[in-house]
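Enquirer: Structure, please.
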Amino acid sequence: MVEAIRPSIFTLPFGGDLCEQTVELVLKQCGPAPLAISRATIFLPNNRAIRAMQEAFVRRAENGLLMPRLIAIGDLALDEALSPMLDPVDGEADTPGLIGPLRRQLILAGLIRQQYRKQAKEIDATEVMRLARLLAELIDELDIEKIGPKAFEELAGQREVADDPDLAGHWQSSYENLLEILPLYRKEMQKLGLEGPAALRNILLARLKDRLGRGVLPRPVFASGISTAAPAIADLLSAIAKLAGGHVILPHIDLGMDDEGWEELGPPPQEKGKLPEFGKETHPQFHLKLLLERMGVNRGEVALLGSDKRNVAGAINSIFCLPEATTAWSLLTPARKKLPSLRLTVAEDSAEEALAIAIMVRRALEEPGKRIAIATPDRELAKRISEQLKRWDIAVDDTAGKPLLQTPPGMLLVALAQMVADQFSASSLLGVAKHPLVRPEHRLEWLEMTRALDMELRGPSPGLGLKAITRQLARAAKNPRNKARKDELKALQEWWKQFAEQISPLEKAVAQGFDAFLATLADIAGELSDGAIWKKAEGRQLSAFLDELSGHDFNLAGHIEREALPAFFAELVAGQVVRPPYGGHPRVALFGLLEARLQQADLLICAGLNEGSWPQLPTPDPWLAPRIRRQLGLPALERNIGLSAHDLAGAIGAKECIITRARRDRAGPTVASRFLLRIEAFLGSALQQEEEAIALARKLDQPEASERHLFPAPEIRPSAAQRAVRLSVTDFDRLLSDPFAIYAKRILRLQPLDSVDAGATHAWRGTLVHDILEKWADEDNSDPARLMQRVDCALGDAELHPGLRVLWQPRILQGLKWVAEETQRQMDAGRNLLLAEADGKIQLAGTDVTGKVDRIDLGEDGSLTIIDYKTGQPPAPKQINAGYALQLGLLGHMAINGCFARRKRPVAALEYWSLAKDQQAKDGANPFGYRRKLGSGRSAQKKASEDLIADMVARAEEAIEKWIKGDAPFVAKLRPEFTNYDDYDQLSRLQEWDQRQSQLRSAGERA
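Expert: Now for the predicted structure:
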C-alpha cells in the first residue's frame, strides 16, 4: 500500500456544512481538469447523504460538472442496503448471501420457541416474534462490534455472571437461553450459506479495504460524514486516511478540549479482573474519540477544514462538557457565554409549537434563496408541522418516513384483522366499512348505507359473528315501530347481505393457517377498496411486503390465536417505514435526526426538545443485562444519548438556529430536555427568546381583540306553541333539575344515541328486566315459582353477547330471585299483583302526562301499592324530600284516578324494588334486592301516601306552569346535584358557558 506521510483527516467547525466543505475539498484536490473529478470516489454513510452531496455539487456546477462516484456504505439504522459498489469483483471469492429480515426473524422465532418448549414454558406467537426481532438486532450489534463465540466462552468462566444481582430471575434465564440459541443460529446460517446484514457488511468492507491497498479503486478517495465507530468501518476509514490521495472528513471533533478532559471520555484501559468500561458514553464527543482510537489516529493529527469565524466552539463545548467541568462556568467572562445565533421558543402545547414553527418557516421563505431545515425526533410533531405548513401551500414531507401501519392501506389491513379477531363485532365491522379507502368509486352511496347500519347497531352488542347482525336487522324490519321505514330497512338488508358475503371468507381462512389468512385478507382488501389500497407509494410498499410474506413458514412462531391476529400482523410490519418521494418545497426540509446529520441550512429549527424525545429514552434489551453487555464489550444503551447531544451541538452552531419545546403534549405535562437545561443554565439571560412567532401563532386563529366580548349565557325561551308538548312522568325530575334536557328531548325531539357495542347500559339492563317481569306477569300469572325459569330462558339466549351474559347474568339472576321471594312473601301477607307494565294518561295543569307503571299490587282492604322496579339504586331520600323524584307520586295520582285499572282506588303505599345490592343488608341476607317505601325511611320525612302524592302533584303542576305554560328559560343543569344524566351537556355547551360566566364575573369585579 502507498501511504501518505500522515493521515489525512479533517473535521468541521460548529455550523460547518459538511457537504459544502467536502465539495470544496474534492474540487481542490481534483484540480481544474474537467474529467478529474469523475475519477474521484466519495464514501458516504447512507443514501440520504448521497442526495445531499449531489445537491451540494449541483450548487457549485456553474458551467456543468461531472459527478464523482458516490458510494453509501449502508446505514443499518435506516435499514438501507449496501451499495452495489461493494459487491465482489473478479478474482475475489464469492460472498455469502444476505438473509431476508423476515426469514431470519422466523428462524430465530423457531429457536426461541424450541427453547421455551424444553423448559415447559408457554409463549404466544406474537411475543415469540417480538423476541426474535430484538434478538436479530442484538446479533447485528454483536457482529458490528465483531464479538464472536469466544467472548461468550471467556465470559462463561467469570463467576460474576452468576453472582450478579442484576441477573436475578429473568436476566439469568434470558442469558442462559441466549447461550443455547446463538450457536444453533450460527449453525443454521452456515447451513444456508447466508449472513445477517452486519456480518455481511463486515466482509464486504474488509474486501473494500483490501481493494484500496491493491489500488483497484481510482483516486482520490474521500470518506465524508461517517462517524460510526464500528471496527470494520474504523478499519476502512483508517485505510482511506493513510492512502495517498485519501481523505476522511468527520463531523465536529472538539480540538480545543484539554488532553486531560479528552482522556477522561474513555474508554479507559481494561484492568485485569475488572469489568471493561466504555467511559462517558453520553458525552457528544465519546463516539468520535472511540472512532479515532479504533482508527489508530491521534486527535492532534486531525485538521480543521474551514474556520470558526463566529467563534462559537468554546461556548458549545462548555455547554456539553463533562459534569465535573461545569464548575468552571462561573469563571467564564460574559463574552464567552454567548451564542448570538441561537434563539429559544417555548410553546404551551405541541399544537402551538408546530404552528409557531410553521410561521418561522413562512417568514424565512420571504428571503430569496434562504434554505430552512427542521430537525426533530418527534414524528407526531413533524406531522403537525407538515400539516400547518399547508396553510400557505408549502409542501414538506417528513423524510424520516411514516410507519406503514399508520398509512391508510396499513390501517385498512389492521382493521380487517381486528374485525376477524373480534369475531365481526359491530364496532370493528363498522371501522372497516367507514375506512376512507373502502368503495372510493361509489363512496357517497356506500357511506349512506354504512350510516344506516351504524344506527341499527347502536346499543348493546347484537352478538358475535355476521349472523348476529343479520338477525338484528331482521328484528328491526319486523318491529311494528319501523313500519314507515320498511323500504329503507329492506334496502339495508340487501346491502348488508352483499357486504357480509364479501367479507365472510375471512372466517374460514382463519382456520386454514396464517398464510391462507394473509392471502384472503389481501384479496378482500383489494375488492373492498376497488384496488385503491395498492396505489401510491404506501400501497406499492404494502403490496411488495405482502408478496415477501408469502411462502414463509409462520408455523415456526407457533399457533396464532384468532385474538392475536392484529398484534401478530403489526409485529411483522413493525419495521416497515414509507419514506416520501422527493418533490416538496425546494428550500424547506423536515428531517429526523439520522437524516439531519449531514444536512445544513441557512435556518435550522430544532424542535421537540423534551425528555423522551430529544434525547429519546433507550429501549431495554430483553436478552442481556447491562452488566453483561459491558462485559462483552457492547455499547451501553445510553450511547444514543451522546449521539443526540452531538447532533444538537452541531445544530446550535449553525449560522441561525432556533430551538423549540412545548410545556404540554398529548400525553400531559412535559419535562425540558437535559440538553436544553444545560443551554439555559450556561447562557442565562444571554439566551435570546423567539417571541414573535409564538405571539403570531396565538393570534392567527383568534378574532381581533376588538371583536371579543363576554356575553352572558343565552336564555332559551321557545314560543308558547313550541312549549305545548306532552310529558312523561319520568320527565319531571329532569324538567326541575335540568330544564335544557327536556327542551332538547321534547321540543327539539333529539334522542341521545348509544354507542356501538355499548355494553350493559342502564337502559339495556332496565329493558331486559322489565321484559322478563312483564312476560312473567302476563304469561305466568306472576307465579313466583316460574320467574327463575323465565330468567334462565332470557339470559340463555344464544344471541346474547357472551361478555354481557358472563358479567350480568349472576347479578340479574340474584336480583330477580329476590323479586320472586318478595312476591311470595307479599302474597302470603294477602297482597297480590293486580297489574304489570300498564300504560296510563292524565292531564295536569292542562298538559297531557303519560306514564307506565311497573307493577300495582292490590291489598286485602282494596288499597293499591305502586311499585317501581330499579336495576340500580333508587332515588336518595334527600332527592325525594327536595322534590326531584316525582315519578312514583305521579303514578300513584294516576292510579287513584283510575288511569290504569279504570277504577278509582286509594293508594296505600309507594315502593321502590331495587335489584341492586342492599348496602344495609345484614350478614347472611341476600346481597341483591331490597324494598324501599316512600315516607317511611329514617331520613325521609314521614308522610302518608296521600300527602306525598299531593305534594308531588303540586310540584309537577308548578313545573308545568313555569316551563310549559309559562315563559321560564330552559337553563342547563339548574340543580346539578339532582341530575343523573349528561346526555345533552355537550349540546348546551355547558362547560364553555360556565367558563365564560366565570370570566364575566371576574370582569365585573375588576370594573
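Enquirer: pLDDT below threshold where in the stretch 551-700 of the chain?
Expert: Along the stretch 551-700 of the chain, the parts satisfying pLDDT under 70 run over 582-583, 595.
Enquirer: Where do the strands of it begin and end?
Expert: 577-578, 588-591, 603-606, 657-665, 668-669, 688-689 (DSSP state E, counting those that start in this stretch).
Enquirer: looking at the ones you listed, which is buried most?
Expert: Highest mean neighbour count among the strands of the stretch 551-700 of the chain (mean count of other CB atoms under 10 Å): strand 603-606, with a mean of 26. In short, each C-beta sits where N, CA and C put it, glycine included.
Enquirer: list the helices and strands that one packs on?
Expert: Under the contact definition 3 or more CB pairs under 8 Å, 6 or more residues apart in numbering; DSSP states H and E, strand 603-606 sits against helix 350-364, strand 372-375, helix 639-652, strand 657-665.
Enquirer: Which other helices and strands does the first one contact?
Expert: Yep, that's helix 350-364 we're talking about. Judged by 3+ CB pairs under 8 Å, 6+ apart, helix 350-364 is in contact with strand 342-349, strand 372-375, helix 379-389, strand 603-606, strand 657-665, helix 692-700.
Enquirer: Flag every buried residue along it.
Expert: Neighbour counts over helix 350-364 (16 or more other CB atoms under 10 Å) mark 350-362, 364 as buried.
Enquirer: now the angle from that helix to helix 379-389?
Expert: Put simply, helix 350-364 runs at 50 degrees to helix 379-389, going by axes from the mean of the first three to the mean of the last three CA atoms, to 10 degrees.
Enquirer: Render the CA-only coordinates of helix 350-364 in CSV, please.
Expert: Extracted in CSV, the C-alpha atoms of helix 350-364 (Å, rounded to 0.1, in the frame of the first residue of the first chain):
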residue,chain,number,x,y,z
SER,A,350,-47.3,20.8,20.8
ALA,A,351,-50.0,22.2,18.6
GLU,A,352,-48.9,25.8,19.3
GLU,A,353,-45.2,24.7,18.9
ALA,A,354,-46.0,23.3,15.4
LEU,A,355,-47.9,26.4,14.3
ALA,A,356,-45.1,28.7,15.6
ILE,A,357,-42.5,26.7,13.6
ALA,A,358,-44.7,26.9,10.5
ILE,A,359,-44.8,30.7,10.9
MET,A,360,-41.0,30.8,11.3
VAL,A,361,-40.6,28.8,8.0
ARG,A,362,-43.1,31.0,6.2
ARG,A,363,-41.3,34.2,7.4
ALA,A,364,-37.9,32.8,6.4
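Enquirer: how far is the longest helix that the chain contains from where the chain is centred?
Expert: Assignment by DSSP state H gives helix 802-828 as the longest helix of the chain. Once both centres are worked out by CA atoms, centre = their mean, to the nearest Å, helix 802-828 turns out to sit 42 Å from its chain's centre.
Enquirer: and the next element down the chain from it?
Expert: Next along the chain after helix 802-828, taking DSSP states H and E as the criterion, comes strand 832-844.
Enquirer: Show me what the helix or strand following that next one is packed up against.
Expert: Helices and strands here follow DSSP H and E; after strand 832-844, the next one along the chain is strand 847-858. Contacts defined by 3+ CB pairs under 8 Å, 6+ apart place strand 847-858 against strand 727-728, helix 762-780, strand 832-844, strand 864-870, helix 887-896.
Enquirer: Just give me the lowest mean pLDDT stretch among those.
Expert: For these, the bottom mean pLDDT is recorded on helix 762-780, which sits at a mean of 72.
Enquirer: what residues does it touch?
Expert: Counting by CB atoms under 8 Å, 6 or more residues apart in numbering, helix 762-780 makes contact with 459-460, 754, 758, 782-783, 786-787, 790-791, 794, 804, 808, 812, 815-816, 819, 833, 836-837, 854-855, 869, 871-872, 915, all of which sit outside it.
Enquirer: and the angle from that helix to helix 802-828?
Expert: Using the same axes, to 10 degrees, helix 762-780 lies at 50 degrees relative to helix 802-828.
Enquirer: And the contacts of the following helix or strand past helix 762-780?
Expert: Where DSSP H and E defines the elements, the next helix or strand beyond helix 762-780 is helix 784-795. Helix 784-795 is contacted from outside by 768, 771-772, 775-776, 780, 805, 809, 812-813, 816-817, 819-821, 823-824, 827, using CB under 8 Å, 6+ apart.
Enquirer: quick one, what contacts the residue nearest to residue 839 when sequence neighbours are not counted?
Expert: Spatial nearest neighbour of residue 839, chain neighbours left out: residue 852 (5.2 Å); criterion: CB to CB, 6 or more residues apart in numbering. Counting by CB under 8 Å, 6+ apart, residue 852 makes contact with 837, 838, 839, 840.
Enquirer: So which of these is surrounded by the most neighbours?
Expert: Counting neighbours by other CB atoms under 10 Å, the top entry in those is residue 840, with 22 neighbours.
Enquirer: The nearest residue to that residue once chain neighbours are set aside: what secondary structure?
Expert: Counting by CB to CB, 6+ apart, the nearest residue to residue 840 once its immediate chain neighbours are dropped is residue 899, at 3.5 Å. Look at residue 899: counting by DSSP: H, G, I helix; E, B strand; the rest coil, its state is coil.
Enquirer: quick one: residue 899 from residue 853, how far?
Expert: Distance, residue 899 to residue 853, by CB to CB, to the nearest Å: 9 Å.
Enquirer: So which of the helices and strands packed on strand 847-858 is nearest residue 200?
Expert: In terms of CB to CB, the element of the helices and strands packed on strand 847-858 nearest to residue 200 is helix 762-780, at 60.7 Å.
Enquirer: Show me where the stretch 851-1000 of the chain has its strands.
Expert: With DSSP E, counting those that start in this stretch, the ranges of strands along the stretch 851-1000 of the chain come out as 864-870, 907-917, 928-933.
Enquirer: most neighbours per residue, which of those strands?
Expert: strand 864-870 (a mean of 23).
Enquirer: could you check the angle strand 928-933 makes with that one?
Expert: Strand 864-870 and strand 928-933 are oriented at 140 degrees to each other (the same axes, to 10 degrees).
Enquirer: angle of strand 864-870 against strand 847-858?
Expert: Inter-element angle recorded for strand 864-870 and strand 847-858: 100 degrees (by the same axes, to 10 degrees).
Enquirer: which strands and helices sit next to strand 864-870?
Expert: In this structure, strand 864-870 makes packing contacts with helix 762-780, strand 847-858, helix 887-896, strand 907-917, judged by 3+ CB pairs under 8 Å, 6+ apart.
Enquirer: Need these in CSV (columns: distance to residue 727).
Expert: As requested, those are arranged in CSV below (distance: least, CB to CB, whole Å):
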stretch, distance to residue 727
helix 762-780, 19
strand 847-858, 5
helix 887-896, 10
strand 907-917, 20
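Enquirer: which of these sits most buried?
Expert: With neighbours defined as mean count of other CB under 10 Å, those peak in mean count at helix 887-896, which reaches a mean of 26.
Enquirer: other SSEs contacting it?
Expert: Going by 3+ CB pairs under 8 Å, 6+ apart, helix 887-896 lies up against helix 731-737, strand 832-844, strand 847-858, strand 864-870, strand 907-917, helix 945-959.
Enquirer: to the chain's geometric centre, what's the distance from the third one?
Expert: Shown here is strand 847-858, whose average C-alpha point lies 50 Å from the average C-alpha point of the whole chain (CA atoms, centre = their mean).
Enquirer: and that strand, which strands flank it?
Expert: Partners of strand 847-858 in the sheet, by DSSP bridges, are strand 727-728 (parallel), strand 832-844 (antiparallel), strand 864-870 (antiparallel).
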